[in-house]
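K.L.:
only geometry, no sequence info:
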């Protein structure tokens, strides 16, 4: 650390360990005695500052992404990867310690302008990542905790009725894809759960599907659950069973030549059917899961049962379907008759 003078003002040059670079700052003093006093105070501040490990944003991205892949779901890992790529594109490959409030606030604002739902997903992923960075001793403050996103109006989920679904799948020429659509519509499983499902997780005798955590797949909630098989799903399974049984019980349920299908391929094919149909063009594959829950709610199934079948950690997530149970509202109002 040393002083130098420029245009009548003293500056101090020193090596910042947190940013791993040389820094120069003004003492705003023209007298050397006052500049020396500034240097003394700066040294005290630097010594009292918590010592964090130095790491670039890109390096932390790679380390945290590997942690997520090892411990959390594939979908969440994809969200984390995209969030960091967007952040690095915006801020540059800066030291993690340099990711201050102003940078994060501007990044969040710009993200929200582009896509509200996408910004929320990015915000959640980065907030968790920076919390982990604190425990890993890379930073001392998570500035994202001080940034609040604007609320997004919640719309009721759009769903497909059974008669609409039967017309929709007539537009799909591929029988394997038809079976996948039926399976999603009548089980409520997420696409990731469907494409990783294996025959050894299906028990036709007991009539159940076991959604399990395995070496290559983790459920979103990290909890395992059981889905009963109805007649339509049973027909799909029986139809496919003879073609697969000779390959072994540990094979994927929906595969081509023994190879697991790609999720993006399925969603694009489903979207093509939606565009060719008379249904809402905003519908996508995940709406089959919404349809499973919505159709049950319309028929009076308890929100708590639907929650168990969907594998939601919190019943609040399932309550988006409660508006489809008008009989509950009638029951509540009729209490006043007594």
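P.N.:
Structure's in. What do you need? Note that the structure is a prediction, hence the values are computed from the model and not measured.

K.L.:
Pull out the buried residues from the host helix or strand of residue 232.
P.N.:
Remark: residue 232 resides in helix 231-244, with elements defined by DSSP states H and E. If you call a residue buried by 16 or more other Cβ atoms under 10 Å, then helix 231-244 has these buried ones: 233, 236-237, 240, 244. Just so you know, the C-beta spots here come from the backbone N, C-alpha and C atoms, and that holds for glycine as well.

K.L.:
And the next helix or strand past that helix?
P.N.:
By DSSP H and E, the next helix or strand past helix 231-244 is strand 255-256.

K.L.:
Name every strand pairing with that following strand and say which way it goes.
P.N.:
The sheet places strand 255-256 alongside strand 259-260 (antiparallel), with pairing taken from DSSP bridges.

K.L.:
pLDDT averaged over the strand it pairs with - what is it?
P.N.:
The average of the pLDDT scores along strand 259-260 is 86.

K.L.:
hmm, who's touching that strand?
P.N.:
Residues lying outside strand 259-260 but in contact with it, judged by Cβ atoms under 8 Å, 6 or more residues apart in numbering, are 195-196, 252, 254.

K.L.:
of all the residues you listed, which comes closest to residue 111?
P.N.:
When those are ranked by distance to residue 111 (Cβ to Cβ), residue 195 comes first, at 28.8 Å.

K.L.:
In this structure that closest one contacts residue 263, no?
P.N.:
Yes. With contact defined as Cβ atoms under 8 Å, residue 195 and residue 263 form a contacting pair (5.6 Å).

K.L.:
quick one: which of these two has more around it?
P.N.:
Residue environment comparison for residue 195 versus residue 263 gives the larger neighbour count to residue 195, 21 against 18, counting by other Cβ atoms under 10 Å.

K.L.:
Okay, now the unreliable bits of the stretch 201-338 of the chain?
P.N.:
Along the stretch 201-338 of the chain, segments meeting pLDDT under 70 span 242-250, 324-333, 335, 338.

K.L.:
Which residue ranges of it form helices?
P.N.:
Residue ranges of the helices in the stretch 201-338 of the chain, as given by DSSP state H, counting those that start in this stretch, are 231-244, 263-276, 287-298, 303-310, 315-318, 326-334.

K.L.:
contact partners of the shortest one?
P.N.:
Spelled out, it's helix 315-318. 293, 303-304, 306-307, 310, 312.

K.L.:
tell me which residues in it are buried?
P.N.:
Buried positions in helix 315-318, judged by neighbour count with 16+ other Cβ under 10 Å: residue 318.

K.L.:
go on, stretch 305-313?
P.N.:
Neighbour counts using 16+ other Cβ under 10 Å place 306-307, 309-312 of stretch 305-313 among the buried residues.

K.L.:
Out of those residues, flag the one nearest to residue 143.
P.N.:
residue 312 (30.5 Å).

K.L.:
Surely residue 212 touches residue 224?
P.N.:
Yes. Using Cβ under 8 Å, residue 212 and residue 224 qualify as a contacting pair, with a distance of 4.9 Å.

K.L.:
more neighbours, those two?
P.N.:
When residue 212 and residue 224 are compared for neighbours, residue 212 comes out ahead with 18 against 13, by other Cβ under 10 Å.

K.L.:
gap between the more buried one and residue 310?
P.N.:
Using Cβ to Cβ, to the nearest Å, we find residue 212 at a distance of 16 Å from residue 310.

K.L.:
which residues sit in contact with residue 29?
P.N.:
Taking Cβ under 8 Å, 6+ apart as the definition, contacts of residue 29 comprise 9-10, 35, 38.

K.L.:
Buried ones from those residues, can you make that a ChimeraX selection?
P.N.:
Entered in ChimeraX, the line below selects the buried ones among these, by 16+ other Cβ under 10 Å:
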select :10,35,38
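
K.L.:
could you show me where the strands are in the chain, in order?
P.N.:
Counting by DSSP state E, the chain forms strands over residues 2-6, 9-16, 21-29, 202-203, 208-211, 225-228, 255-256, 259-260, given from the N-terminal end onward.

K.L.:
how many degrees apart are the longest one and strand 2-6 in direction?
P.N.:
Right, strand 21-29. Relative orientation of strand 21-29 versus strand 2-6 (axes from the mean of the first three to the mean of the last three Cα atoms, to 10 degrees): 60 degrees.
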